[in-house]
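Undergrad: I would like the atomic coordinates for the input below:
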Amino acid sequence: MTAFVLDASVAMTWCFKNEATPASDELLEHLELEAAAVPTSWHLEVANTLAMAERRKRITPAAAAQFIGMLDGLEIDVDTETPARAWRQILDLARSEHLTAYNAAYLELAMRMGVPLATKDEELGEAAGHLGVVVLWAR
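TA: Reported below is the predicted structural model:
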């Protein structure tokens, strides 16, 4: 059973310890017991953040590989309906809530599944709250 939708902003706090908070650590502990759902773009967002961090010498390839291994050990379910909803529901949500399409995908997934949204992103969290989605803040 899916406990929440996991925004990449939360997952990256587990990689960069200076960004971790007690709330983000608690979400990781929760994820070790239950599943989280992510849109299809999630892996690319995580990979992009790691690539940029490597270029900036913020993380080594070895540390990135270790982090990816940790993520692979978690139950993270990829939503296969995200692409089919991109040009309709997700784009509409991005427009109405002034979000990026990437963030709107997280919000649409949480709304559709009826589960909380775990995020560190202020705009995304505020939009979710505005629409009645429970927000698990990682700040």
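Undergrad: make it CA atoms for all contacts and neighbour counts henceforth
TA: OK.
Undergrad: A101 and A20, how far apart?
TA: Taking C-alpha to C-alpha, to the nearest Å as the measure, A101 falls 25 Å from A20.
Undergrad: nope, G114 is what I meant
TA: 26 Å.
Undergrad: mind listing the helices for the protein?
TA: 8-11, 22-31, 42-55, 61-72, 82-85, 91-97, 101-113, 122-130 (DSSP state H).
Undergrad: contacts only, for the residue nearest to T21 when sequence neighbours are not counted.
TA: Nearest residue to T21, sequence neighbours excluded (C-alpha to C-alpha, 6 or more residues apart in numbering): R139, at 6.2 Å. Counting by C-alpha atoms under 8 Å, 6 or more residues apart in numbering, R139 touches 21, 23-24, 120.
Undergrad: which of these lies closest to E126?
TA: K120 (10.5 Å; C-alpha to C-alpha).
Undergrad: hmm, S9 and the closest one touching each other?
TA: Yes. Using C-alpha atoms under 8 Å, K120 is in contact with S9, at 5.7 Å.
Undergrad: so for those two, which residue has more residues nearby?
TA: K120 (22 against 19; other C-alpha atoms under 10 Å).
Undergrad: give me the number of residues near the residue nearest to the more buried one when sequence neighbours are not counted?
TA: Among residues not flanking K120 along the chain, A138 sits closest, at 4.9 Å (C-alpha to C-alpha, 6+ apart). By other C-alpha under 10 Å, the residues close to A138 number 22.
Undergrad: check M12 too.
TA: Neighbour tally, M12, other C-alpha under 10 Å: 19.
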